[in-house]
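> Dropping the sequence and predicted coords here.
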Amino acid sequence: MRRAFTLAAEGPRVGDHARVGAVILAPDGTVLAEGHHRGAGTPHAEVDALMDLPAGGAAGATAVVTLEPCNHHGRTGPCSLALVEAGIARVVYAIDDPNDTVHGGGDRLRDAGVEVVSGLLADEAEAFLERWLHSIRTGRPWVTVKWAASLDGRAAAADGSSRWITGAAARQHVHEQRADHDAILVGTGTVLADDPGLTARGDGGELLRTQPLPVVVGDREVPESAVVRSHPRGLVTVPGHDLDAALRSLRPHGVHSVFVEGGPTVASAMIAAGLADELLVYLAPVLLGGPGLALGDLGVGSMNERLRLDVLSTTELGPDLLIRARPSRSTP
Ligand code: AOF
Ligand code: ZN
């Protein structure tokens, strides 16, 4: 199963698909074939592995898969059927498929007389597919909220200028995070104030290979001349201020993860609405003082309402510090 996870990790990190790996073992434990899913519309991991075997080559073998084999005719045929037809005797998988229309492969295999074991390394599968599972289970993409601030929590100076608080290493890290999410979301206020491109770029300014879908939320018009209008992925605008609805509306665009990058109004609203799954806070060793706070009102009126966080990691990026945190799961 660990090998299957390694194979799964070779699939693209972003896109409208689950990263899945599969290993086919002979009765004596020898590896017969390996496979992984390479993105929407391509063969599923099980079929990718079976394709490496001659006809009849999987008879009596065990298939080890990181996700329950599918049971539907989607962009490809059902993997459960492909495994039965190949003569697989035993299937071991980590977690059930959370998709209502897809799951049931385990039962179909059992009905066909295949021995099925599930739950192997389930915790690792949950962690590995965290964003996708969250998106399928809730109907709402995973949300990472990012901001950059001075040590005293300001994102802008008194005159409103906000570029650049952090240094080159932190900024490059942000670009990599953009490329690691399906979409990047800002409010109309940020578009009007900063005219951002919302692309993921390398340190030479070149476009990275994967680009997040740019999403602008709010009622004000995005100007014809806005830089984001020439984004390579096009532009999605979502009117209104219902962030939960806005996030759900991105699912038909194949979006399972969203990087929220501005500004304070949208970041605060995401957090206050309980929609932020992870926070990335880049802190620069400067002080700005004044009114330019990184976050506005969070609906915290009193100390006993404070939002508790669990810190996952702290990382030095040149002179700056990155704190990765999540809303605390433990009770106070
Ligand atoms: C598997 N093996 O390798 C993957 C699975 O649109 P489709 O037909 O590609 O189906 C996508 C769904 O199938 C996806 O949402 C997830 O539930 C499952 N992914 N299943 O048996 C695989 N990638
Ligand atoms: Zn499948």
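Looks like it arrived, so ask away. Numbering: from 1, shown residues only. Ligands and ions are numbered 1, 2, ... in the order given.

> The worst-scoring helix or strand of the chain on mean pLDDT: how far from the chain's middle?
Ranked by mean pLDDT, DSSP states H and E, the weakest helix or strand in the chain is helix 188-194, scoring a mean of 93. How far helix 188-194 lies from its chain's middle: 25 Å, per C-alpha atoms, centre = their mean, to the nearest Å.

> Enumerate the positions of it that are buried.
For helix 188-194, the neighbour count (16 or more other C-beta atoms under 10 Å) marks Thr188, Gly189, Thr190, Val191 as buried. For the C-beta atoms, the positions are set from N, CA and C on the backbone; glycine is no exception.

> What lies in contact with that helix?
160, 162-163, 196, 216-223, 226, 228, 261-263, 265-266 (C-beta atoms under 8 Å, 6 or more residues apart in numbering).

> Narrow those residues to those in strands?
If you go by DSSP state E, the contacts of helix 188-194 have Val216, Val217 in strands.

> Was I right to think Ala157 contacts Leu293?
No: judged on C-beta atoms under 8 Å, Ala157 makes no contact with Leu293 at a distance of 11.8 Å.

> Average pLDDT for the top helix by length along the chain, rounded please.
Using DSSP state H, we find that the single longest helix of the chain is helix 168-179. For helix 168-179, the mean pLDDT works out to 97.

> What residues of it count as buried?
Here helix 168-179 shows Ala169, Ala170, Arg171, His173, Val174, His175, Gln177, Arg178, Ala179 as buried, counting by 16+ other C-beta under 10 Å.

> Now do the contacts for the second one.
For Ala170, the contacting residues are Ala148, Tyr282, Ala284, Leu317, Gly318, Asp320, Leu322, taking C-beta under 8 Å, 6+ apart as the criterion.

> residues in contact with the third one?
When contacts are counted by C-beta under 8 Å, 6+ apart, Ala284 is found next to Ala148, Ala149, Ser150, Leu151, Ile165, Thr166, Gly167, Ala170, Pro319, Asp320.

> try the fifth one
Residues near Gly318 by C-beta under 8 Å, 6+ apart: Gly167, Ala168, Ala169, Ala170.

> mind putting the residues you listed in a markdown table, distance to ligand 2 included?
Below are the contacts of Gly318 laid out as a markdown table (distance: C-beta to the ion, whole Å):
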| residue | distance to ligand 2 |
| --- | --- |
| Gly167 | 45 |
| Ala168 | 43 |
| Ala169 | 41 |
| Ala170 | 40 |
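
> Brilliant, that's me finished.
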